[in-house]
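Asker: generate a structure from the sequence data that follows.
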Amino acid sequence: MALKRGLSSSGVNKNRSGGGGGSRLPIILVIFFCFLSPLIFFVGRRLIITSSSADQNNNNNAVGSGKQQLDWRERLALQHVKPLFSKEVIDVIASSTADLGPLSLDSFRKNKLSASWKVIGGETPVDNKAASETNQTATVVKQEASKGKVDNISEDNARSGDTPAKLARRQLREKRREKRVAELLRQDDEATARLENAAIERSKLVDGAVLGKYSIWRKEMDNENSDSTVRLMRDQMIMARVYLSIAKMKNKRDLLQELQTRLKESQRALGESSADSDLHPSAPGKLKAMGQVLSKAREQLYDCKLVTGKLRAMLQTADEQVRSLKKQSTFLSQLAAKTVPNGIHCLSMRLTIDYYLLPLEKRKFPRSEDLENPNLYHYALFSDNVLAASVVVNSTIMNAKDSSKHVFHLVTDKLNFGAMNMWFLLNPPGKATIHVENVDEFKWLNSSYCPVLRQLESAAMKEYYFKANHPTSLSSGSSNLKYRNPKYLSMLNHLRFYLPQVYPKLDKILFLDDDIVVQKDLTKLWSVDLNGKVNGAVETCGESFHRFDKYLNFSNPHIARHFDPNSCGWAYGMNIFDLKVWKKKDITGIYHKWQNMNEDRVLWKLGTLPPGLITFYNLTHPLQKSWHVLGLGYNPSIDRSEIENAAVVHYNGNMKPWLELAMTKYRPYWTKYIKYDHPYLRNCNLSE
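Answerer: Numbering: from 1, shown residues only. Below you'll find the predicted structure:
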């Protein structure tokens with residue numbers, strides 16, 4: 001027999017025949033074996049080839065016990081390998097392996113020889129039958145493989161008829177694959193260990209008492225927080241719904257019925273409670289019973305994948321419900337913002353009736369000669385809300401140093417004209433001058449002159465407001481409802497662009513919205529130098545959404561070409577206007593130009609602030625922010641000191657102070673200027 005690495009007997013013989021005999025091997029093969037000789041020396045201690053009777057007895061192929069073992073030098077000589085090694089090399093190998101003695105094929109397997117080495121059978125002169133048996137290819141031995149597995153592989157290979165070279169390559173691939181799998185498993189174990197260590201470190205940073213406080217599996221109850229039981233019951237109900245769906249899926253009828261019963265009991269016990277003090281006395285018992293059912297359900301139904309999927313589905317459903325409720329909330333708030341409370345409607349009707357019962361001579365206000373006096377302080381107030389207008393006038397006069405120098409120009413619609421007159425005839429604001437006008441009597445304000453009025457009377461606008469795209473549900477109609485507020489259809493809202501036409505003999509006028517409250521004397525505003533500008537207003541660009549790109553459509557080339565999207569916006573509600581410069585700059589003409597271009601609402605949506613930003617672009621002088629504080633109708637986080645130091649506070653937004661949805665914390669700044677003991681207010685059930 002002979003030991004060879006990576007070569008078959010036929011390959012060696014071929015090399016010999018090509019080289020003309022053992023002494024004339026090609027130089028490449030000589031170099032190859034020269035490099036191979038140290039390796040043979042290294043593994044020589046592991047490799048013993050024997051054809052002795054002992055080896056044959058160990059493999060159940062013994063042919064006799066009297067045969068002698070051949071010396072390994074003789075076997076090398078028989079395979080014609082001896083000429084490749086010098087006598088010195090052979091002596092060294094012999095001396096290194098002398099203490100091992102002859103080894104059988106079983107010893108060869110036990111030593112786990114590398115899979116790249118193969119035992120190749122050869123002829124021996126001892127016994128022809130043994131030689132024929134050892135001529136068969138031995139099984140390729142794989143490291144760390146059991147003897148049974150090796151036998152099975154040998155049988156499969158024998159049946160497949162593969163050559164020894166193919167078997168060796170296949171065995172090498174399997175070994176590499178196992179090594180790669182072991183490496184991947186090791187990396188996976190290391191990654192898992194890292195994650196576990198990181199989780200342990202993070203858990204050390206969390207208060208362990210808080211973690212288990214609301215656990216539905218926690219036996220003992222921690223009631224330090226006032227709502228801990230409420231929250232625990234809600235958590236139990238969530239898990240009960242999860243197990244309900246799983247029980248239905250797995251046809252666990254008894255458990256399904258029990259879960260449904262406990263869930264209904266917990267719902268009745270919880271009710272609308274938001275704190276433990278609100279719970280029914282039976283709640284602790286229901287809590288314990290639900291916990292027992294959930295423990296039972298966990299034992300029978302808990303499946304991590306299923307539970308995770310159900311919770312994820314419930315979370316998605318909850319998100320959709322929240323979005324739907326937000327849309328409905330927006331719709332309802334917009335709806336509430338444009339409605340008139342019953343009390344205010346009652347007040348207007350009673351005042352209107354009493355006004356038209358008055359004789360004509362008693363319907364006139366005193367001091368009408370001051371209406372066009374440019375030396376007095378003139379205010380413009382356009383409103384159809386009697387109570388709101390009274391607060392504006394009363395708060396202004398109560399904080400003025402000399403009420404006799406203040407003149408209020410009120411403009412309302414036909415419906416509220418009598419009520420507005422009657423209120424201020426009955427409740428004159430000190431020595432201030434009051435003048436009430438009806439916008440429907442402005443004959444110059446017609447559709448041929450005013451583009452907004454012409455657009456409001458057009459068929460397209462009527463279609464947009466009254467027929468097209470009517471919402472089928474609360475949530476679907478929330479987006480456009482803001483722009484369908486009746487104030488956008490009223491000319492009272494657009495009259496602010498015609499101040500010189502309404503008051504042709506005045507030089508300056510202070511415009512006030514009806515949802516503001518005056519807290520300081522405003523006479524200093526008439527002495528503010530506007531530096532040649534038309535409009536004096538407080539800027540609102542402290543937030544990004546108060547810049548021009550919030551209100552105007554900058555995708556339109558007309559807007560993009562003429563305006564800077566980052567320009568700072570300003571607030572309507574308290575504006576000092578220089579009417580002389582207004583006429584000189586033809587502000588109303590500029591407004592008409594842009595309003596005609598926006599007939600299809602492609603430049604901005606409806607409203608007065610966007611056209612105001614355009615009309616007074618580069619013509620607005622910024623006032624100090626303390627003059628005008630906004631947001632009391634939508635922002636709950638305004639600093640109290642900022643409100644109290646403001647000259648004017650503005651309830652811009654949907655939460656008007658006269659509505660039930662007003663923010664309670666801001667309402668006293670408005671109600672302090674209303675006398676709720678007034679007979680008209682009492683009769684209409686208007687109370688603080």
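
Asker: neighbouring contacts of stretch 637-655?
Answerer: Under the contact criterion CB atoms under 8 Å, 6 or more residues apart in numbering, stretch 637-655 has outside partners 333-334, 336-337, 512-513, 515-520, 522, 571, 573-574, 626-635, 657, 661-663, 666, 669-670. Every C-beta, even on glycine, is put in place using the N, C-alpha and C of the backbone.

Asker: which parts of that stretch are buried?
Answerer: Using 16 or more other CB atoms under 10 Å as the test for burial, stretch 637-655 gives 638, 643, 646-655.

Asker: next, give me the two most distant ones among those residues.
Answerer: A647 and N654 (24.0 Å; CB to CB).

Asker: distance check, S329 against T339.
Answerer: 16 Å (CB to CB, to the nearest Å).

Asker: let me fix that: S348
Answerer: 14 Å.

Asker: which of these two has more neighbours?
Answerer: Ranked by neighbour count (other CB atoms under 10 Å), S348 and T339 place S348 first, with 24 against 12.

Asker: next SSE after the strand or helix carrying the more buried one?
Answerer: In this assignment (DSSP states H and E), S348 forms part of helix 342-356. Sequence order places strand 377-382 as the next helix or strand after helix 342-356, per DSSP H and E.

Asker: partner strands of that following strand and their direction?
Answerer: Here strand 377-382 has these sheet partners by DSSP bridges: strand 406-412 (parallel), strand 508-512 (parallel).

Asker: export the ones you listed to CSV and tack on distance to K166?
Answerer: Formatted as CSV, the strands paired with strand 377-382 follow (distance: least, CB to CB, whole Å):
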stretch, distance to K166
strand 406-412, 103
strand 508-512, 98
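
Asker: circling back: export only the CA atoms of the helix holding S348, formatted as PDB.
Answerer: C-alpha atoms of helix 342-356 as PDB (Å, rounded to 0.1, in the frame of the first residue of the first chain):
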ATOM      1  CA  ASN A 342     -78.900  81.300  21.700                       C
ATOM      2  CA  GLY A 343     -78.300  84.000  24.300                       C
ATOM      3  CA  ILE A 344     -76.700  86.400  21.900                       C
ATOM      4  CA  HIS A 345     -79.300  85.700  19.300                       C
ATOM      5  CA  CYS A 346     -82.000  86.400  21.900                       C
ATOM      6  CA  LEU A 347     -80.300  89.600  22.900                       C
ATOM      7  CA  SER A 348     -80.100  90.900  19.300                       C
ATOM      8  CA  MET A 349     -83.800  90.100  18.700                       C
ATOM      9  CA  ARG A 350     -85.000  91.800  21.900                       C
ATOM     10  CA  LEU A 351     -82.900  94.900  21.200                       C
ATOM     11  CA  THR A 352     -84.100  95.100  17.600                       C
ATOM     12  CA  ILE A 353     -87.700  95.000  18.600                       C
ATOM     13  CA  ASP A 354     -87.300  97.700  21.200                       C
ATOM     14  CA  TYR A 355     -85.300  99.900  18.800                       C
ATOM     15  CA  TYR A 356     -88.000 100.000  16.200                       C
END
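
Asker: that one - contacts with which helices or strands?
Answerer: Helix 342-356 sits against helix 386-398, helix 417-426, helix 679-683, with contacts defined as 3 or more CB pairs under 8 Å, 6 or more residues apart in numbering; DSSP states H and E.

Asker: how about those helices in TSV, adding distance to L270?
Answerer: As requested, those are arranged in TSV below (distance: least, CB to CB, whole Å):
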stretch	distance to L270
helix 386-398	42
helix 417-426	49
helix 679-683	42
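
Asker: switch those over to TSV; also include mean pLDDT and distance to L376.
Answerer: Converted to TSV, these look like this (pLDDT from 0 to 100; distance: least, CB to CB, whole Å):
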stretch	mean pLDDT	distance to L376
helix 386-398	96	13
helix 417-426	96	17
helix 679-683	93	29
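
Asker: to R170, which of the ones you listed lies closest?
Answerer: That would be helix 386-398 among the helices and strands packed on helix 342-356, by CB to CB, at 93.0 Å.

Asker: circling back to that earlier point, can you select the buried ones from the contacts of stretch 637-655 in ChimeraX?
Answerer: With 16+ other CB under 10 Å as the burial test, the buried ones among these are selected in ChimeraX as follows:
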select :333,334,337,512,513,515,516,517,518,519,520,522,571,573,574,627,628,629,630,631,632,633,657,662,663,666,669,670
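
Asker: now, which of the contacts of stretch 637-655 lie within strands?
Answerer: Within the contacts of stretch 637-655, residues falling in strands by DSSP state E are 512, 516-518, 574, 628-629.

Asker: nearest to L315, of these?
Answerer: The nearest member of the ones in strands among the contacts of stretch 637-655 to L315, counting by CB to CB, is V629 at 40.3 Å.

Asker: pLDDT wise, what is the spatially closest residue to the closest one that is not a sequence neighbour at?
Answerer: Distances taken as CB to CB, 6 or more residues apart in numbering put A646 closest to V629, at 3.8 Å, once the chain neighbours are dropped. Each residue has a pLDDT score; the one for A646 is 95.

Asker: for stretch 333-346, how far is the first residue from the last?
Answerer: End-to-end distance of stretch 333-346 (CA to CA, to the nearest Å): 22 Å.

Asker: low-confidence bits of the protein, can you list those?
Answerer: Residues of the chain meeting the criterion pLDDT under 70: 1-161, 202-226, 462-489, 542-545, 688.

Asker: break it down into its domains, please.
Answerer: 228-337, 342-683 (the TED database).

Asker: could those be laid out in TSV, adding distance to L184?
Answerer: Shown next, in TSV, are these (distance: least, CB to CB, whole Å):
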stretch	distance to L184
domain 228-337	24
domain 342-683	51
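
Asker: among those, which comes closest to K175?
Answerer: Between these, domain 228-337 lies closest to K175; by CB to CB that is 36.4 Å.

Asker: nearest to E441 among the strands paired with strand 377-382 would be which one?
Answerer: E441 lies closest, by CB to CB, to one member of the strands paired with strand 377-382: strand 406-412, at 9.8 Å.

Asker: convert the C-alpha atoms of that closest one to PDB, please.
Answerer: Below are the C-alpha coordinates for strand 406-412, written out as PDB (Å, rounded to 0.1, in the frame of the first residue of the first chain):
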ATOM      1  CA  HIS A 406     -62.600 108.900  21.400                       C
ATOM      2  CA  VAL A 407     -65.000 108.300  18.500                       C
ATOM      3  CA  PHE A 408     -66.300 104.800  17.600                       C
ATOM      4  CA  HIS A 409     -67.400 104.100  14.000                       C
ATOM      5  CA  LEU A 410     -69.500 100.900  14.100                       C
ATOM      6  CA  VAL A 411     -70.700  99.200  10.900                       C
ATOM      7  CA  THR A 412     -73.000  96.200  11.000                       C
END
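
Asker: for burial, what's the neighbour tally of the nearest residue to K310 once chain neighbours are set aside?
Answerer: Nearest non-adjacent residue to K310, counting by CB to CB, 6+ apart: V242, 4.5 Å away. Applying other CB under 10 Å, we find 23 residues neighbouring V242.

Asker: check which helices and strands the helix or strand harbouring K593 sits against.
Answerer: Assigning secondary structure by DSSP H and E places K593 in helix 587-597. Helix 587-597 sits against helix 451-456, helix 609-615, with contacts defined as 3+ CB pairs under 8 Å, 6+ apart.

Asker: give me the residues contacting the last one.
Answerer: It refers to helix 609-615. Contact with helix 609-615 is made by 496-497, 548, 551-552, 563, 567, 569-570, 572, 587, 590-591, 594-595, 598, 603-604, as judged by CB under 8 Å, 6+ apart.

Asker: count the neighbours of the nearest residue to E437 once chain neighbours are set aside for me.
Answerer: Once flanking residues are discounted, E437 sits nearest to V411: 4.9 Å by CB to CB, 6+ apart. A count of neighbours around V411, defined by other CB under 10 Å, yields 22.
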